[in-house]
Each structure stands twice: as structure tokens, then as C-alpha cells.
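In: Prediction below, plus the sequence it came from.
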Amino acid sequence: MSTNLYPEFGVLLVDDEPDWLSSLALTLESCAGISNISTCCDSRQVSALLNQGNIGLVLLDLTMPYLSGEELLVQIAECHPDIIAIVVSGMNQLETAVRCMRKGAFDYFVKTDDQDRIVGGVLRAVRMQELQRDHREMASRLNAPLIRHPEAFNAIVTNDRAMYSLFAYVEAVAKSPQPLLITGESGVGKELVARAAHVLSGCRGKLVSVNVAGLDDTVFADTLFGHIRGAYTGAEQPRRGMIEEAADGTLFLDEIGDLSIASQVKLLRLLQEGEYFPLGSDLPKRIKARVIVATHQDLDKREANGTFRRDLYFRLRTHKVQLPSLRERRSDIALLLDYFVEEASRTLGKLRPTIPKGLISLLSGYRFPGNVRELKGLVYDAVSQQHDRQLMIEPFANVVGRIRPESRANQFSPVCAPFSAFEELPTFTDAATFLVLEALERAGGNQTIAARLLGISQPALSKRLKMIKSVIS
């Protein structure tokens, strides 16, 4: 994907008729966009060409001088099992076709077959080879102890092991021309992962992002495919679609789960056929961009209830990444807090404030429905109101304090009851005292944070502290 040639691996055409080779090469390029083609008229040279590497698909004739096509099939199966071979012969004999398939041919075509049939078979073989190469690449990357290009993920702040495994997977599939589906709740960083995949792909073109949420079918088609002059009333000038803008790069479609069924059909055709029609045009254009899509929707459920096409879903999930929510990687909260405080201070032109003790404990008990994006917003709000050297607590406490009591209760179960190991239970008064003292310890003595951790108001905490002091004195 780092060049204009498609596919990434070479396609070798072998036949002793130069005119046929030229015709087949022209057909594959004009009808299927296959341009990474080399030809060979002498079957004795095939082995040396394959030994040079990067040939992934061979189309060969059967009746050739020196070495026949069947002999080459045996050589390819024995010496280059990763290469796919297709026979395109002048002989229309069932026995010959069966014999070739048994010797390892992926498919068998007769030179007089319809052009579309041959092209379709070659495209199937190309996609099969792409998937096999993706699988081998993923296996080697996931077994490797380190991410080879960690700099591609610099925008994602984490020390979470699960996130590093996810990075390794993204790196493994980054060069694949197949779609990449990124799922996860709003605010987890799906676009950052798409940007990393684009960087790792080696594409020379740019990343073009389109949020498709709320687009009706006509606007969706016009946005992606563009239109020619006169395509509809008001279309006085032709307009390039986002697919064309992303040529030799990556097209990122965000909120793909919100597409209408009609738009889903158009996207499916684009992915299946590799071509599209600008509005008002009857001349197809071939897609030259990698497609990455993202959604916060549960596509399994949408597919089950009929609001998302099954065929499109399975086409999109060739490579899939599920990003965890912030509450699933709570160990990153402190790291993200520090990062955003530094970033907000620099952006807003303020001195970097210190982070008060207990703030991390307060935030660790919060569910963050808006995930990393919500935390970033809270930090920017707090830093913008900053007047002294310590980060303000109130912007955080006001949000965390809106947690419903029942959501706190749901965090506990009889299985993890804190007093289950006690031989003698403490009294309510003693238990309350222990809780207050522990909250103050975690909050670094800050009563506002301690009250939030306990789920009570600050006046209630002050009253409780007075009672504790009176008992102790």
C-alpha cells in the first residue's frame, strides 16, 4: 500500500503467446485495477522469478514448450506453497481441470470464458492471498515481545497491558487493504487508533475523516462519491467525493452504526466491488483508499434486530478492534490526569498546578461515561478556573457527586463483602469511624474529596468528625 501498485504482492502471468499476455494484463488492469503485474513467455524462467520473492499469484497456461503448466503447478505447490496458482488454458476439458485442481490450482478458466468470469476469479484469489498474508503477519506480530513502531501510538496515553496488545494487533493489520472496524464507547479514542493505523500503513495519501451520523442516503452518497455537473438541481460544478480525496491514503468513516439501510447497501457495494459511481455518472471509478470504520453502537445487536445488514457487518469485521472504556483501565487515570493537566496548562497559558492528594482516588471511583474525552474536558475546565498553585477540586467533585447511590451499591456484592472474614463484627459506630478515617487518608486530608468518596455532603462529614473527636477526647 506504500506504492500505487495493486495488489501489494506481484501477479505473474505465464504463457508462450505474448499477445495473450498483453491482452490479459490490460484486462486485469482496466477491469480490476490490478497493476502489479509481470509477464513471462518462457516457462523455464518461472522458478527464478518466484525465487526473487513477492509474487503472490500466478496465472499460467497448460500447453507451453519446455515446461508444461501442470509441471509448474507441482513445482509451485512443493517450493512455494504460499503462492496461489490459477490455470487459464485453451483446453476446455473437465478431466484436465480436475487434475489441475488436485495438483493445487486455486481455479481453472478457459481462455474463451467471459471476461468478467476470469476477472472475478482473479479478484477472489487476490483477496484470499491478502487474507492469508494478514493472518501470517498478525501471527508474527502478536508473538513478538515488542511493538515495532511505538511512536505511531504516541497520541494514546496508557500503561495498560491490554492496550499494548491492541496496539500490536493494529500494527499487524495496518498494511492490510481489508477494512478495519474499531468499536468502543464514545470518548475512548477510536479516531486516534485510526490515525495510528494510517501512519503504520505506509500510505502516501492523507487520512480523510467523515462522521456519517445523521447523513441521509443522498447526502451520504454525495459526500463519499461526489457528483458530476448537472447531477441534480444546483449541482453546477462537479465535486470530488471524500473517497477521491483519500486516494492512496485512508478513508475513516466514524459512527458507521448510524447509517441507513440504503447507505449500507452503497457502502457494501463499494467494499465488495472496489468501485463506485459519482452521482449522475454511469462511469465507475475504482477505490484507491484503505477503509477504516468506527462505531460506538453494538453491531451484533443491530444486526440481530435487522437495522444493520449482516453481509456488510461480516465484510467490515475482517479486522476488528474493541477499545476498552476508561473504567476498564483505571490504572491509566493518574497518567491521563497528569498528561491533560500539562497539556491544558500549556494550551491555556497557565502555570502548571499541582494535583491535590486524593483527587486520583476520587476519580477512580467514578464511572466516566464519557471516557477519556470526559476526563480531558474536566481537566481543561479545572485548569481554566485556576487561580493558585493547586488544581481546583470543585469541577471534579461536582461531577463525581452526581453518581446515583444505587450505582455505588452495584459496585459491591456479598462475594466481596469487606466484613466476611471478621470473626466479630464491628459496631455501626466503629465501622463508620473506620470509613471516615480511611477516606481522609485516601483524600490526603482534604475533607471535600473525603466526603465525595463516602457519598455524603461535607457538612455531614464535619459533623461525623466532631462526633469522632468527642468520643476520642
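Out: Structure received. Numbering: from 1, shown residues only.
In: hey, let's count contacts and neighbours off CA atoms from now on
Out: OK.
In: Tell me who's in contact with the nearest residue to residue 283 once chain neighbours are set aside.
Out: Closest residue to residue 283 apart from its sequence neighbours, by Cα to Cα, 6 or more residues apart in numbering: residue 277 at 6.4 Å. Residue 277 makes contact with 225, 283-285 under the criterion Cα atoms under 8 Å, 6 or more residues apart in numbering.
In: Do you know the pLDDT at residue 277?
Out: We have a pLDDT of 89 for residue 277.
In: Could you list the residues in contact with stretch 73-80?
Out: Contacts of stretch 73-80 (Cα under 8 Å, 6+ apart): 50, 83, 85, 100, 103-105.
In: can you check stretch 350-368 too?
Out: 326-327, 330, 333-334, 338, 341-342, 345-346, 374-375, 383, 386, 388-391, 393, 396-397, 400, 403, 442-446, 449-450, 452-453.
In: Can you list which of those are found in strands?
Out: Of the contacts of stretch 350-368, none are assigned to strands by DSSP state E.
In: could you flag which of these are buried?
Out: Buried by 16 or more other Cα atoms under 10 Å: 326-327, 330, 333-334, 341-342, 345, 374-375, 383, 386, 391, 393, 396-397, 400, 442-444, 446, 449-450, 452-453, out of those.
In: how about the strands in the stretch 101-250 of the chain?
Out: Counting by DSSP state E, counting those that start in this stretch, one finds strands in the stretch 101-250 of the chain at the ranges 107-110, 180-183, 207-211, 226-227, 239-240, 250-254.
In: In contact with residue 210, which residues?
Out: 242, 251-254.
In: Rebuild these as CSV, extending it with pLDDT.
Out: Output for the contacts of residue 210, formatted as CSV (pLDDT from 0 to 100):
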residue, pLDDT
242, 94
251, 96
252, 97
253, 96
254, 96
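In: Out of those, the closest to residue 219 would be?
Out: Set against residue 219, the nearest of these by Cα to Cα is residue 242 (12.0 Å).
In: Could you report the neighbour count for residue 232?
Out: Neighbourhood size, residue 232 [other Cα atoms under 10 Å]: 11.
In: Can you give me the pLDDT of residue 413?
Out: Note on residue 413: pLDDT of 48.
In: For residue 369, which of the strands of the stretch 101-250 of the chain is the nearest?
Out: Nearest of those (Cα to Cα): strand 180-183, 15.4 Å.
In: show me where pLDDT drops low in the stretch 351-473 of the chain?
Out: The model of the stretch 351-473 of the chain has pLDDT under 70 over residues 401-423, 471-473.
In: let's see it at 80
Out: 357, 401-431, 434, 438-450, 452-455, 468-473 (pLDDT under 80).
In: could you pull out the helices for the stretch 351-473 of the chain?
Out: 359-364, 371-384, 394-400, 405-409, 428-442, 447-454, 458-472 (DSSP state H, counting those that start in this stretch).
In: and the second one, how far from the chain's centre?
Out: Between the mean C-alpha location of helix 371-384 and the chain-wide mean there is a distance of 25 Å, by Cα atoms, centre = their mean, to the nearest Å.
In: now do stretch 348-356
Out: Using Cα atoms, centre = their mean, the offset of stretch 348-356 from its chain centre is 34 Å.
In: Using CSV, write out the CA atom coordinates for that stretch.
Out: The C-alpha coordinates for stretch 348-356 follow below in CSV (Å, rounded to 0.1, in the frame of the first residue of the first chain):
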residue,chain,number,x,y,z
LEU,A,348,-4.4,28.0,28.2
GLY,A,349,-1.1,29.8,29.0
LYS,A,350,-1.3,29.0,32.8
LEU,A,351,1.3,27.8,35.2
ARG,A,352,1.1,24.1,35.8
PRO,A,353,-0.8,23.5,39.0
THR,A,354,0.0,20.6,41.4
ILE,A,355,-2.5,17.8,41.7
PRO,A,356,-4.1,17.6,45.2
